[in-house]
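Student: The amino acid sequence is not available; the structure is as follows:
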């Protein structure tokens, strides 16, 4: 069934040139959104935008002036941003906190927390003035469970809470704000880590209720739902798209996941 949920409205995906962000952009473009990919990697953003029918407006979300200029360009040349997917973020190698440099911590906080806030502020203030709009922030299941990711995981917990705060702030202005929290997603970086022997796929899937990884476009479909009219009464929530990892992980203390009946 053909879907035209976007109806030609503009959706901006930050961090949209690769991985989950690109999958989200592809799903939205396929559902009638006029999709704009933003990424600090300008060359890659332009390369991947065309094949999915999107446009590229590269900028660094940490840079307030660049973000404001990008929004002005998009709204002047393409149209008002009706949906923001605040997805730009940095991942982090696992390890002991005392072994990780503070410069790494500072950079991850700058992009994953401050950068998300900067882009939400640029989008949300414009949406509120127009009386409509939707924002989805990319969180993570690490926002809810401990992980040896001592900068990444706390920033994801922070942006999930940020979504609720901004939902309360802008709700009466017609702006909905939600978070989507991916579980372990079969992205190229994860597959590369598996291929290098750095991650054991069985440990990733054994704790998931559905017993598998999440496909990147499944995150995109979760985002598309939160932006759709079907979710018109939903704001301030976090939607895990994790193949049941949050539901199943605790069962490891009770002998592991139950086999198929």
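Tutor: The structure has been received and is ready for your questions. None of these values were measured; they are calculated from a predicted model.
Student: so residue 239 bridges to which residues?
Tutor: Beta bridges link residue 239 to residue 180 when assigned by DSSP bridges.
Student: burial of it, as a residue count?
Tutor: Neighbourhood size, residue 239 [other CB atoms under 10 Å]: 19. (Glycine included, C-beta is placed from N, CA and C.)
Student: Residue 253 now?
Tutor: 7.
Student: so what's it up against?
Tutor: Applying CB atoms under 8 Å, 6 or more residues apart in numbering to residue 253 gives no contacts.
Student: residues touching the spatially closest residue to residue 96 that is not a sequence neighbour, list them.
Tutor: Closest residue to residue 96 apart from its sequence neighbours, by CB to CB, 6 or more residues apart in numbering: residue 148 at 7.4 Å. By CB under 8 Å, 6+ apart, residue 148 lies in contact with 94, 95, 96.
Student: secondary structure class for residue 148?
Tutor: coil (DSSP: H, G, I helix; E, B strand; the rest coil).
Student: right, and the helix or strand after the lowest-mean-pLDDT helix or strand in the chain?
Tutor: Ranked by mean pLDDT, DSSP states H and E, the weakest helix or strand in the chain is helix 188-195, scoring a mean of 87. Once helix 188-195 ends, the next helix or strand along the chain (criterion: DSSP states H and E) is helix 201-205.
Student: average model confidence for that next one?
Tutor: Per-residue pLDDT over helix 201-205 has a mean of 90.
Student: cool, stretch 44-53 as well?
Tutor: 98.
Student: Kindly report the same for stretch 12-32.
Tutor: For stretch 12-32, mean pLDDT rounds to 98.
Student: Start and end of that stretch, how far apart?
Tutor: This stretch, stretch 12-32, spans 13 Å end to end (CA to CA, to the nearest Å).
Student: gap between it and the chain center?
Tutor: Distance, stretch centre to chain centre, for stretch 12-32: 10 Å (CA atoms, centre = their mean, to the nearest Å).
Student: Can you list the buried residues in it?
Tutor: Neighbour counts over stretch 12-32 (16 or more other CB atoms under 10 Å) mark 12-32 as buried.
Student: residues in contact with the residue nearest the centre of the chain?
Tutor: By CA atoms, centre = their mean, the chain has its centre lying nearest to residue 138, at 2.6 Å. Neighbouring residues of residue 138 by CB under 8 Å, 6+ apart: 15, 20-21, 85-87, 89, 159, 179-182, 219.
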